[in-house]
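have a look at this fold, sequence not included:
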């Protein structure tokens, strides 16, 4: 069982791609971006045709890279960089010197997610922009996963607060919903509704 006061799941709203995602959401999405490292460069190969590179600085260390669906991303000790099939350059979010020590990165076909000790950062392919939320001091990271969901509004983090002594027992995330079973409740999130629903277990 996992203990924490607050639980964050990133749900990115994608009004631009809504009709496309609705048609193919349950089908496997081809990876359209490949990431390669060469001579202190990180290179994104988009749909096998276009290449866009980013130079690593002398004191910069690559910690993680990946690609999935419409996105590619990499994490260094200085920045979190993401590129989508519809962008012409890497989008860069600078990081503090100590911020990546316990950083957790995750990718879905439409969402790049980075959670550090004190903030959660998301990037969605629909808007090609970063969003972030601060994590409360003393809160413990339980899970950091990205999936693609549908919602009608703008990109956002949706938060739910756990009660004192409430523990998380199971987390399940699919393409359009999240289900969190705690010691007291069953918490469900459906992306189109963009709200948490709770069901008391006892």
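Structure's in. What do you need? Bear in mind that the values here come from a model prediction, so they are computed numbers and not experimental data.

buried stuff in stretch 49-68?
Neighbour counts over stretch 49-68 (16 or more other CB atoms under 10 Å) mark 52, 54, 56, 64-68 as buried. C-betas here are computed from N, CA, C, even on glycine.

ditto for stretch 86-100
Applying 16+ other CB under 10 Å to stretch 86-100 flags 87, 90-91, 95, 99-100 as buried.

and of the buried residues of stretch 49-68, the nearest to residue 78?
Taking CB to CB as the measure, residue 78 lies nearest residue 56 of these, at 9.0 Å.

how close does that closest one sit to residue 74?
The gap separating residue 56 from residue 74 is 9 Å, by CB to CB, to the nearest Å.

need the residues touching each of those two.
42, 62 (CB atoms under 8 Å, 6 or more residues apart in numbering).

ok, back up a step: where strands are concerned, which of the buried residues of stretch 86-100 count?
Using DSSP state E, residue 91 are the members of those that sit in strands.

now do stretch 70-80: distance from first to last residue.
Stretch 70-80 has an end-to-end distance of 17 Å (criterion: CA to CA, to the nearest Å).

check stretch 103-117 too.
7 Å.

is the residue nearest the centre of the chain in a bridge, and if so with what?
Centre of the chain computed as the mean C-alpha position; nearest residue by CA atoms, centre = their mean is residue 113, 2.4 Å away. Going by DSSP bridges, residue 113 is paired in beta bridges with residue 106, residue 122.
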